[in-house]
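**Q** let's see this in three dimensions:
(4 chains)
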There are 2 protein chains.
Amino acid sequence: MLPELKIAQLRHFVWVAELKGFHAAAEKAHRTQPAISLSIKDLENKLGESLFEKRNAKSANAELTPFGQHFLPQAKELIAHHDRIAQDMTLMAEHKTGHLRLASVPSIASRMLPDILSRFVAHAPDLHISCFDDNAAAVLDMVEHQQVDFGIASLLQTDEHANKTFIPLWHDHVGVVCRNDHPLANSDSLHWATLREHRLISNGTSRLLEGTEAAPLLEDSQFYISNMISLVAMLEAGLGVTTLPWFAFPRESSTLTFIPLTTPEVVRRIGIVRLSNKSLSPAAQALVQFILAQNEPG
Amino acid sequence: MLPELKIAQLRHFVWVAELKGFHAAAEKAHRTQPAISLSIKDLENKLGESLFEKRNAKSANAELTPFGQHFLPQAKELIAHHDRIAQDMTLMAEHKTGHLRLASVPSIASRMLPDILSRFVAHAPDLHISCFDDNAAAVLDMVEHQQVDFGIASLLQTDEHANKTFIPLWHDHVGVVCRNDHPLANSDSLHWATLREHRLISNGTSRLLEGTEAAPLLEDSQFYISNMISLVAMLEAGLGVTTLPWFAFPRESSTLTFIPLTTPEVVRRIGIVRLSNKSLSPAAQALVQFILAQNEPG
DNA sequence: GGCTCTTGATAAGTATTGCTTATCAGGAAA
DNA sequence: TTTCCTGATAAGCAATACTTATCAAGAGCC
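**A** Numbering: from 1, shown residues only, chains lettered A, B, ... in the order given. A predicted model of the protein is given here:
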């Protein structure tokens, strides 16, 4: 019913009108002059009216009919609209624009992401990023409910997350943290049994020991501190020792020491978690690629 | 540089997204399913991103990627914009809409146009019409300067209007107008010489006698009244007689009589005047055709 | 006047695009 | 498993867009 106006065709029309000539328009369109003639003719047929004055009669420059004059601004508007969208989509596909949401466990969020993100946004100034940090379970939950494009966490109970894809990135070894003047502080490595002799403060990451031979330690533990700030304060006060993954160890503290736990060697595998059956937005996809590229050489 | 998004292609995309399936979209587009597949694939290539989730994997209904979700409303907007313009142009080409300006000599404007225009606009309710009435010279001037789409007038000094096209429509005979009780009032026809015995009031239409054998009458004339209302008042007061074309004769006056002038027979040819080298707008073109059609049978 | 340069239109052939039919692969439901 | 959906893919055909070559007609020039 309605004619289908092709963008290229409209562009030809506008060029002929504005450059006042078929030859000039042809050059601009990187086409030959007959192509433009035919294109305009086809457009006129579709609309059912001439756009330019009879052109076989006089050699004066191509001139619009009243109808053509009315059509010109409309055509220009539609072309502009098209170009705006095409540009927008291209930018978005090249992840130069858009909105990206991710969730991460705090250790990575504070230790790795600031550097990664600042370098990533350097070549995408119009990209908006929202980053949520929370514990691994909450991160997985946000991924599950599509509140974020992807998450950075370790995968707990892998069987429950069949619908998620996990890309391991960092191996985070669990160690023991104590005050510099603690008897254990000068050890190079530790056996879990050694810890039984010291007061152990457990924390949110302690469940990493579950299922390892060091599990009995958890039951020995008298204190449980979920908050990291409080935990550090306890340790600095010499209340006891705790286990932490290396990434979660507060390096900025000058009074605490990290000693690797070698028996058992408990490793938290942190990586990118996303839904298997959902595509990432171009921006998210780009960030994942970026993170992977960062980690490959290192 | 920028990809050229074809309207048909966007339409396919929107249909697949909204009908949640390639088959359904194909049916709506009156195409086969592979055609839609290829169309979408091409669009995805142009944009550089997938619009739908991987479709070979699961048979669930076609589902948009985040990118596709962002693109959908934009595509719909662009399609709507296109359709609006296409519709607008089609209506305008069919002269259902637009703005039409014409100028006419007062006799036709008051005698013929009210009926013609009211019937013409009956099938074009959204058409705006502006009508200017003035004397023939002014009408020709407005045509000349493209202040109107076309004019209705008689062509004076044809040599000066080589750039105009004249389509004769009405033959308007000049006659003598006097009061019912005037000595001439009962004549069936008149010879110009008879008028010399009466007081003649000349008017704007009197120059029609120029170049005829009745020309000496103009010099005899003591009064010149340009305004029609005043002229009628003078005549009704019995001040004298005048010459007028039949169309300019005020039929509604019950006290005045029109007597045809037979020697010489002066005829004013009234018709449509337009610039030869300019196209008419669709609406103007339609009105001209309409007027011509009205006059052909009559 | 005739010559040349411009304008855009036109014809015929080719290249590209879009569409078709026929077929295939994979998941869901029987 | 078999069947019935989904959409993807291949090969061939048809419509469209573009090319080169040529033409007609007005303007400027001698």
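
**Q** so what does the residue in the stretch 101-250 of chain A positioned nearest to DNA strand C look like in phi/psi?
**A** Minimum separation of the stretch 101-250 of chain A from DNA strand C (C-beta to the nearest atom of the strand) falls at residue A:163, amounting to 12.2 Å. (C-beta placed from N, C-alpha, C; glycine too.) When quoted as degrees, to the nearest 10, the phi and psi of residue A:163 stand at phi -90, psi 10.

**Q** any idea of the pLDDT on the residue lying closest to it once chain neighbours are set aside?
**A** With C-beta to C-beta, 6 or more residues apart in numbering or on different chains as the measure, residue A:276 is the residue that lies nearest to residue A:163, at 5.7 Å, once sequence neighbours are left out. At residue A:276, the pLDDT value in this model is 79.

**Q** neighbours of residue A:276, how many?
**A** If you count neighbours by other C-beta atoms under 10 Å in any protein chain shown, residue A:276 ends up with 11.

**Q** and stretch A:150-167, how far out from the chain's middle?
**A** Relative to its parent chain, stretch A:150-167 has a centroid offset of 17 Å by C-alpha atoms, centre = their mean, to the nearest Å.

**Q** distance between the ends of it?
**A** Distance between the boundary residues of stretch A:150-167 (C-alpha to C-alpha, to the nearest Å) amounts to 11 Å.

**Q** paired strands for the lengthiest strand in chain A, with orientation please.
**A** Taking residue count as the measure and DSSP state E as the definition, the longest strand of chain A comes out as strand A:164-179. Take DSSP bridges as the rule and strand A:164-179 pairs in its sheet with strand A:241-245 (antiparallel), strand A:256-263 (antiparallel), strand A:267-275 (antiparallel).

**Q** got the CA positions of the first one in PDB?
**A** By that I understand strand A:241-245. Once side chains and other backbone atoms are set aside, the C-alpha atoms of strand A:241-245 remain, and they are given as PDB (Å, rounded to 0.1, in the frame of the first residue of the first chain):
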ATOM      1  CA  VAL A 241      44.500 -15.300  63.800                       C
ATOM      2  CA  THR A 242      42.200 -15.800  60.800                       C
ATOM      3  CA  THR A 243      42.300 -17.400  57.400                       C
ATOM      4  CA  LEU A 244      41.800 -15.200  54.400                       C
ATOM      5  CA  PRO A 245      42.300 -15.500  50.600                       C
END
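
**Q** hmm, who's touching that strand?
**A** For strand A:241-245, the surrounding residues in contact (C-beta atoms under 8 Å, 6 or more residues apart in numbering or on different chains) are A:107, A:172-178, A:182, A:184, A:195, A:198-203, A:205-206, A:208-209, A:217, A:225, A:231, A:235, A:258, A:261, A:266, A:268.

**Q** pLDDT of it, averaged?
**A** 92.

**Q** next, the buried residues of that strand.
**A** Taking 16 or more other C-beta atoms under 10 Å in any protein chain shown as the neighbour-count basis, strand A:241-245 is seen to contain the buried residues A:241-245.

**Q** mind checking how far that strand is from the chain centre?
**A** The mean C-alpha position of strand A:241-245 is separated from the chain mean by 31 Å, C-alpha atoms, centre = their mean.

**Q** what does stretch A:210-226 give?
**A** The offset between the C-alpha centroid of stretch A:210-226 and the centroid of the whole chain comes to 36 Å, using C-alpha atoms, centre = their mean.

**Q** circling back: and the strands paired with strand A:164-179, which is most packed in?
**A** Among those, ranked by average contacts under mean count of other C-beta atoms under 10 Å in any protein chain shown, first place goes to strand A:241-245 (a mean of 25).

**Q** follow-up on the earlier one: format the strands paired with strand A:164-179 as JSON lines; extra columns: distance to residue B:168.
**A** As requested, the strands paired with strand A:164-179 are exported to JSON lines (distance: least, C-beta to C-beta, whole Å):
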{"stretch": "strand A:241-245", "distance to residue B:168": "100"}
{"stretch": "strand A:256-263", "distance to residue B:168": "107"}
{"stretch": "strand A:267-275", "distance to residue B:168": "79"}
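
**Q** and the ones you listed: which comes nearest residue A:114?
**A** strand A:267-275 (16.0 Å; C-beta to C-beta).

**Q** in contact with the nearest residue to residue A:270 once chain neighbours are set aside, which residues?
**A** Once its chain neighbours are removed from consideration, residue A:270 has its nearest residue in residue A:170; the separation is 4.6 Å (C-beta to C-beta, 6+ apart). By C-beta under 8 Å, 6+ apart, the contact list for residue A:170 reads A:108, A:112, A:247, A:269-271, A:295.

**Q** and the two most separated of these?
**A** Using C-beta to C-beta, these span at most 14.5 Å, a distance reached by A:112 and A:269.

**Q** what parts of chain A come near DNA strand C?
**A** A:20-23, A:33-34, A:37-38, A:40-41, A:52, A:55-56, A:59, A:61-62 (C-beta under 7 Å from any atom of the strand).

**Q** rerun at 10 Å
**A** Neighbours of DNA strand C within chain A, by C-beta under 10 Å from any atom of the strand: A:4, A:6, A:16, A:19-26, A:32-41, A:44, A:50-63.

**Q** how about the nearest residue to residue A:249, chain neighbours excluded?
**A** The spatial neighbour of residue A:249 that comes closest, neighbours along the chain excluded (C-beta to C-beta, 6+ apart), is residue A:258 at 4.7 Å.

**Q** report the beta-bridge partner residues of the one you found.
**A** Residues in beta-bridge contact with residue A:258 (DSSP bridges): residue A:177.

**Q** what about it, distance to DNA strand D?
**A** In this structure, residue A:258 and DNA strand D are 51 Å apart, going by C-beta to the nearest atom of the strand, to the nearest Å.

**Q** now do the contacts for that residue.
**A** Residues in contact with residue A:258, defined by C-beta under 8 Å, 6+ apart, are A:175-177, A:244, A:246, A:249.

**Q** if we use 7 Å, what do you get?
**A** The neighbourhood of residue A:258, defined by C-beta atoms under 7 Å, 6 or more residues apart in numbering or on different chains, consists of A:175, A:177, A:246, A:249.
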